[in-house]
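> Kindly return the folded structure for what I paste below:
(one chain, ligands or ions: 1)
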Amino acid sequence: MRAMLTTLAPALDDGGFHTADEIAAQVQFAERHHWLLRRWLDELTGEGCLEYDPSRGYRSAAAPSEPGSADLYRICADLGYSPQFADFLRSSADNLTGLAQDRVRVQELLFPGGDMLTAEGAYRENIISHYLNLAAREAVAGVAARIAGDRAPVRILELGAGIGGTTDEVITGLSGLPVDYHFTDLSTFFLNAARERFAAHPWMRYGIMDMNADLRGATDRYDIVIGANVLHNALHIGDMLRDLHDLLNPGGAVVFVEACKANYPLLTSMKFLMSAAPGATHPGKDDIRQGARIFLTEDEWCDQLRAAGFTPMLVLPERDHPMFLLDQRVFAALRD
Ligand SMILES: C[S@@+](CC[C@H](N)C(=O)[O-])C[C@H]1O[C@@H](n2cnc3c(N)ncnc32)[C@H](O)[C@@H]1O
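I've put the predicted structure just below:
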């Protein structure tokens, strides 16, 4: 919160009221990140750090009380996040004005010098990711084993597979099954790394796929579609799920991992990854999110799945699990 307020200070330090547009102009917030500025303003108002008046806008209120940087490292360590990941959160906060103004790209901080260690800390090497990836592995293995009884190979598509954190776990659950695994992402950077990493698995193939452009009208059909921390990038969630429905064979399933709420460290770091390129349409502008947020709640995902012709069969962790509070979920849903 403190980092957000420091970035917004040039617009709010005079103690007066300012509209979101005035704040954006004064801070020189890049147009493509304006949706994120609105999220910050909502959060800061909700926390009492800003006062909001519908006719006049926002002005500073109370200073936030929050843990300092030493606590950030301790909290990360407690949750199993690497020191590199804590460094990333720290440097995102330190570079927040540059990120907001698009002078610094969050990718430079997340993949310093092309290195994947920090991203691995985010998507694999921590307690919640271990849990989610294991749950995804079990869900995929269960569906694959059922389908393998009817037809072979079981055809699996992974969207936005990235550093392969979920892939690693999922493929251990497929050993012994006849599988054709299509590992895809937007960028050859990830495909090249994956080719090396998964070289021991000849049943894996690699390709560029943009879920916003390449799903509709695709001629290939799959039995399982996997997406870990990627489906929220859909321009329109309902359309994307209907496209996945049409891409799946009857009896197939979609298995995905999603954060269902953004916390402060995400709002000042990873969220910058989710802004559309300059001039491109922002994800969620015309769907249930109305351009104001990226993540859907658990209930919204289940509703959207049903509306697209899926039956949700699994959402983990359950409400009484200690990790429920971390607001990340694995969903598995069957194509009706
Ligand atoms: C947050 S990363 C998650 C990576 C990986 N699935 C994991 O959890 O370890 C999101 C990934 O989705 C990819 N991505 C973003 N937009 C996409 C789109 N429209 N279609 C396909 N992939 C996309 C990015 O390139 C990135 O690798």
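> so where does the nearest residue to residue 82 once chain neighbours are set aside fall, helix or strand?
Take residue 82 and drop its neighbours on the chain: the residue closest to it by Cβ to Cβ, 6 or more residues apart in numbering is residue 121, 3.6 Å away. The C-beta positions use only the backbone N, C-alpha and C, and glycine is treated the same way. Element membership for residue 121 (DSSP states H and E) is helix 117-123.
> quick one: average pLDDT of that helix?
For helix 117-123, the mean pLDDT works out to 82.
> Next, see if it gets close to the ligand.
Yes: part of helix 117-123 sits near the ligand under the criterion Cβ under 6 Å from any ligand atom, namely residue 123.
> Now do the contacts for the residue nearest to residue 82.
81, 82, 84, 85, 88 (Cβ atoms under 8 Å, 6 or more residues apart in numbering).
> Now tabulate these in CSV and tack on pLDDT.
Below are these laid out as CSV (pLDDT from 0 to 100):
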residue, pLDDT
81, 86
82, 86
84, 88
85, 88
88, 92
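> the domain parsing of the protein - what is it?
Here the domain assignment for the chain is 2-60, 72-116, 127-260+295-335, based on automatic domain parsing.
> what about the first one, how long is it end to end?
This means domain 2-60. 12 Å (Cα to Cα, to the nearest Å).
> low-confidence ranges in the stretch 1-150 of the chain?
Where the stretch 1-150 of the chain drops to pLDDT under 70, the residues are 64-70.
> For it, which residues are neighbours of the ligand?
residue 123.
> Now the stretch 1-150 of the chain against the ligand: closest residue?
residue 123 (3.3 Å; Cβ to the nearest ligand atom).
> mind listing the helices for this structure?
Using DSSP state H, the helices of the chain run over residues 2-12, 20-27, 34-46, 69-78, 83-94, 96-100, 106-110, 117-123, 127-148, 165-172, 188-197, 237-247, 264-267, 298-307.
> export those helices to TSV and tack on distance to residue 56?
Formatted as TSV, the helices of the chain follow (distance: least, Cβ to Cβ, whole Å):
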stretch	distance to residue 56
helix 2-12	13
helix 20-27	10
helix 34-46	13
helix 69-78	34
helix 83-94	29
helix 96-100	23
helix 106-110	32
helix 117-123	39
helix 127-148	41
helix 165-172	46
helix 188-197	46
helix 237-247	34
helix 264-267	24
helix 298-307	32
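> Just the local confidence number for the residue nearest to the spatial centre of the chain, please.
Residue closest to the average C-alpha location in the chain (Cα atoms, centre = their mean): residue 229, at 3.7 Å. pLDDT recorded at residue 229 is 95.
> Return the residues of the stretch 201-336 of the chain in contact with the ligand.
Counting by Cβ under 6 Å from any ligand atom, the stretch 201-336 of the chain sits next to the ligand at 209, 210, 211, 212, 228, 229, 230, 233.
> What is the burial count for the nearest residue to the second one once chain neighbours are set aside?
On the basis of Cβ to Cβ, 6+ apart, the spatially nearest residue to residue 210 that is not a chain neighbour turns out to be residue 186, at 5.7 Å. By the criterion of other Cβ atoms under 10 Å, residue 186 has 19 neighbours.
> so how many other residues sit close to the residue nearest to residue 3 when sequence neighbours are not counted?
Leaving out its chain neighbours, the residue that sits closest to residue 3 by Cβ to Cβ, 6+ apart is residue 93, at 3.9 Å. By other Cβ under 10 Å, the residues close to residue 93 number 20.
> residues contacting residue 93?
Residue 93 sits next to 3, 268, 269 when contact means Cβ under 8 Å, 6+ apart.
> Using JSON lines, lay out the residues you listed together with neighbour count.
Shown next, in JSON lines, are those (neighbours: other Cβ atoms under 10 Å):
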{"residue": "3", "neighbour count": "23"}
{"residue": "268", "neighbour count": "25"}
{"residue": "269", "neighbour count": "24"}
